[in-house]
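**Student:** model this:
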Amino acid sequence: MSKWISLKLVASKYLAILLTVFIFGGIFNPVFAMQMEASVSPTLNAATATYGGDRIITLKYPDNSPISKLLNGKKDSVSFTLNSSDPKNGLKTILDSINNVLLKEKQSQVHFANATLDYKATLDGGSDLATISYQVQLKPFITGLVTSGNGNSTSSTVDLDWRSFVISTPLYVNTPKYGKIDINHPSGALEKLIPSLAPKLSSSFANMLNIPILDFSTFGAPMDIWHFLFDATGSQAGAAGFGFSVGKGGSKIISIYSLGESSFREGSYSAKEGDASATIDNVNVGMHTLTPPPSGQIQIGGFSKIQKIGNSDFAIVSSVAPQGIQTSSGSFPVFVLLVFGGMMGAVAILVIVKARK
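**Tutor:** Below is the predicted model:
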């Protein structure tokens, strides 16, 4: 009897831990993670997606130095939302750049359109330490994914090569409040937040500040090493709030691929960090950059199987799943995705704490 009680206590403890992780995951998961989420409907030949780029920059400088006097106690932010329906804000030009990269580098015919952009950069300055955090979210509507077949056919072939891209050049948008700003490099917000110091930082730390924020190349990992889960009803994925409702596009079956949880099969994913130092205003200044690990998920309406053609990944999607199908983890339940979301939330907290050290 005592053994049974002990087992129940252990189970309760683990359940409490998982629930805590899930709750924190719901709060923090969208923050501080290189993010790619997409819901694909072969029937509609379309997808909705979110690409999130994050970066944390920490500056270290001597107390009572000129830079300290400039930044100590300074708290400011640059924040705005744009929609590509406005032809004057430059977002459509950014989408055209992404489409050109996908066509030129991957021969992909997909089209990014009708997007929104959320941008926020925050400065928090102290006596000897300042942190600048960046969050850029691009949410496009994607068309032209189906290369053969359609939702009424036995199967459809869906292009998946649009899941990753990197834009290295500056990407400028026009905002009513801040004017013209480069959303793809940290220097863009620095010019608005600390205009007197930004040119000195840009010349002293050019290599670090020229690393693009919109670098989603990690999600180009072969699809056969992405974690695969299958929901025959769509009810669990819908209840989990992943944005793919049951019956969307005529499909009640959902295939789910995720990347970023780190395993022997996938490999290990960790934050990318860099350090450098320079002399500015006759004092030594250190810069630390941190790009969080990736968190990716693709939901596809229907049962899908990955097929590689050359260097490209496609999904062969049907409306009926084979009998006795196993996921990449056997009969691994979709609930694991909730835990995975919580784990990424925990990573987010660790990233924030580490950035402040």
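
**Student:** for the stretch 101-250 of the chain, what are the low-confidence residue spans?
**Tutor:** Applying pLDDT under 70 to the stretch 101-250 of the chain picks out residues 149-153, 233-250.

**Student:** what residues are up against the residue nearest to N64 when sequence neighbours are not counted?
**Tutor:** Spatial nearest neighbour of N64, excluding adjacent residues (Cβ to Cβ, 6 or more residues apart in numbering): S127 at 7.7 Å. C-beta coordinates here come from the backbone N, C-alpha and C atoms, glycine included. By Cβ atoms under 8 Å, 6 or more residues apart in numbering, the contact set of S127 is 63-64, 68, 72.

**Student:** hey, what's I298 bridged with?
**Tutor:** Per DSSP bridges, the residues bridged to I298 are A38, Y257.

**Student:** where's P212, which helix or strand?
**Tutor:** Counting by DSSP states H and E, no helix or strand carries P212.

**Student:** Next, count neighbours for it.
**Tutor:** Using other Cβ atoms under 10 Å, P212 has 20 neighbouring residues.

**Student:** right, and it touches V166 too?
**Tutor:** Yes - under the criterion of Cβ atoms under 8 Å, P212 makes contact with V166 at 6.4 Å.

**Student:** Quick one: name whatever helix or strand follows the helix or strand harbouring I300.
**Tutor:** Using DSSP H and E, the element containing I300 is strand 294-301. Later in the chain than strand 294-301, the nearest helix or strand by DSSP H and E is strand 303-309.

**Student:** Can you name the next helix or strand after that next one?
**Tutor:** Using DSSP H and E, the helix or strand that follows strand 303-309 in sequence is strand 312-318.

**Student:** gap between L123 and S202?
**Tutor:** 15 Å (Cβ to Cβ, to the nearest Å).

**Student:** Between these two, tell me which one has more neighbours.
**Tutor:** The residue with more neighbours, out of L123 and S202, is L123; 21 against 17, by other Cβ under 10 Å.

**Student:** May I have the beta-bridge partners of that one?
**Tutor:** Beta-bridge pairing of L123 under DSSP bridges involves D76, I132.

**Student:** Which residues are in contact with it?
**Tutor:** Each residue near L123 by Cβ under 8 Å, 6+ apart is listed here: 71, 74-77, 130-132, 193-194.

**Student:** quick one: the strands in the stretch 151-300 of the chain?
**Tutor:** Applying DSSP state E, counting those that start in this stretch to the stretch 151-300 of the chain gives strands spanning 155-159, 172-175, 179-182, 227-231, 254-259, 272-280, 283-291, 294-301.
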